[in-house]
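> Next one to model:
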Amino acid sequence: MTTLTTATATATAAATAPAQERTLGLTRSPVPASLPPLAGSGAAGVPRRQPSARPGTVWAPRVHPDLGAQAGDRARQELRREEERTVRSLARIVALACVEAELGLRPARQLSRWLDLPTYGKMLRRSELAQRIRPTGPGHAATAPTALGARVCRAGDGVYEASATIQLPDRAKAMALRIEQHRGRWKVTALELG
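All right, here's what the predicted structure looks like:
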């Protein structure tokens, strides 16, 4: 008789457990329902579900207290790395375009997108002077230069200093650039071509 009473008591205790169910040593807990679709996001003719208003029930993923700050730091570092990659690529492209403009392989007006006004004026004048002394005629065609690489160094918020190396058939040229972010775009504000 005692076995039957113990089994009955266990069955009634399991039936009255409101939030948890025990089976073979495992615990099952109710999972909060997903949020209903936002207003205006449902298909036409489909009624929208209203959120159940259970006071005091808020669901949020668990976050380890130490990982929150680390995740923010990692995100900032990744954004900075991405910014450096963008600026390095821009420095390489601008350096190559400036040398091509100086050699007459590219119109100098194409540089206006990347350079600010004083730097653009300086590069335009340099290109015009190089065009006056450049030999012309058959057999004097310039070969296209190639960019060997670029390096960047962060000088402040939204400010980088970069150097780039361009390979010509007979020599290599170095260029120093100052690149600043202005209204969401990167512009070269200073340029020295060696």
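
> contacts, neighbours, all on C-alpha from now
Fine.

> In this protein, where is pLDDT below threshold?
The model of the chain has pLDDT under 70 over residues 1-69, 136-141.

> go again using 90 as the cut-off
When residues are selected by pLDDT under 90, those of the chain lie in 1-76, 103-104, 130-144, 169-170, 182-184, 193-194.

> which helices and strands sit right next to the longest helix along it?
In the chain, assigned by DSSP state H, the helix with the most residues is helix 65-103. In this structure, helix 65-103 packs against helix 117-133, strand 146-156, strand 159-167, strand 172-182, with contacts taken as 3 or more C-alpha pairs under 8 Å, 6 or more residues apart in numbering; DSSP states H and E.

> looking at those, which is buried most?
Highest mean neighbour count among these (mean count of other C-alpha atoms under 10 Å): strand 159-167, with a mean of 21.

> quick one: it to helix 65-103, angle?
Angle between the axes of strand 159-167 and helix 65-103 is 50 degrees (criterion: axes from the mean of the first three to the mean of the last three C-alpha atoms, to 10 degrees).

> what angle sits between strand 159-167 and strand 172-182?
150 degrees.

> which neighbours does strand 159-167 have in its sheet, and in what orientation?
strand 146-156 (antiparallel), strand 172-182 (antiparallel) (DSSP bridges).

> can you list the residues that contact that strand?
With C-alpha atoms under 8 Å, 6 or more residues apart in numbering as the test, strand 159-167 has contacts from 87-88, 91-92, 95-96, 99, 145-155, 172-181.

> cool, stretch 94-109 as well?
Stretch 94-109 is contacted from outside by 111, 114, 123-124, 126-128, 130-131, 134, 142, 144-147, 164-166, 175, using C-alpha under 8 Å, 6+ apart.

> If we use 6 Å, what do you get?
For stretch 94-109, the surrounding residues in contact (C-alpha atoms under 6 Å, 6 or more residues apart in numbering) are 124, 127, 147.

> The second one: what's its closest spatial neighbour, skipping adjacent residues?
If the residues on either side of it in the chain are set aside, S127 comes closest to E102, at 4.5 Å by C-alpha to C-alpha, 6 or more residues apart in numbering.

> give me the number of residues near that neighbour?
By other C-alpha atoms under 10 Å, 22 other residues sit near E102.

> likewise W186?
So W186, with other C-alpha under 10 Å, has 20 neighbours.

> Excluding residues flanking it in the chain, which one is nearest it?
E180 (5.6 Å).

> What of A142?
Spatially, and ignoring its direct neighbours in sequence, A142 is nearest to L103 (6.9 Å; C-alpha to C-alpha, 6+ apart).

> Many thanks, have a good one.
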